[in-house]
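Student: have a look at this prediction, sequence included:
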Amino acid sequence: MSINTSPPIRIRKELNEIIVGIAEHSDMEYRDLIAYLIAEGLNTLRLRAGLNELGEVIG
């Protein structure tokens, strides 16, 4: 499935209200903020798992 044809991500109403507030106060578009949050979350999980940028175990 390509990015352009994938279904939209469903976000709980409570989280959506927080995201909208952050987007408004950070002068970011909603869609850009979602992409940023996903990227940061994946990077955090990668670091917690002890993986480098290529997904290889560090150390």
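Tutor: Yep, that arrived.
Student: tell me which residue is most central in this structure.
Tutor: The centroid of the chain falls nearest to Ile38 when counting by CA atoms, centre = their mean (1.0 Å).
Student: name the residues that touch the helix or strand where it lies?
Tutor: In the assignment (DSSP states H and E), Ile38 maps to helix 30-48. The contact list for helix 30-48 (CB atoms under 8 Å, 6 or more residues apart in numbering) reads Ile9, Ile19, Val20, Ile22, Ala23, Ser26, Met28, Glu53, Gly55. C-beta here means a position set from N, CA and C on the backbone, and glycine is covered the same way.
Student: and the gap between the residue nearest to the centre of the chain and Leu45?
Tutor: Distance from Ile38 to Leu45, counting by CB to CB, to the nearest Å: 11 Å.
Student: what's the separation between Leu54 and Leu15?
Tutor: Note on Leu54: its distance to Leu15, by CB to CB, is 31 Å.
Student: should've said Leu37
Tutor: Per CB to CB, Leu37 is found 10 Å from Leu15.
Student: ok, these two, which is more surrounded?
Tutor: Counted by other CB atoms under 10 Å, Leu37 and Leu15 do not tie: Leu37 has more neighbours, with 13 against 10.
Student: what about the more buried one, distance to Glu24?
Tutor: Here Leu37 is placed at a distance of 15 Å from Glu24 (CB to CB).
Student: what do you get for Glu53?
Tutor: Per CB to CB, Glu53 is found 32 Å from Glu24.
Student: who has more neighbours, these two?
Tutor: Taking neighbours as other CB under 10 Å, Glu53 and Glu24 compare with Glu24 leading, 11 against 7.
Student: surely the more buried one is in a helix?
Tutor: Yes. Counting by DSSP: H, G, I helix; E, B strand; the rest coil, Glu24 is found in a helix.
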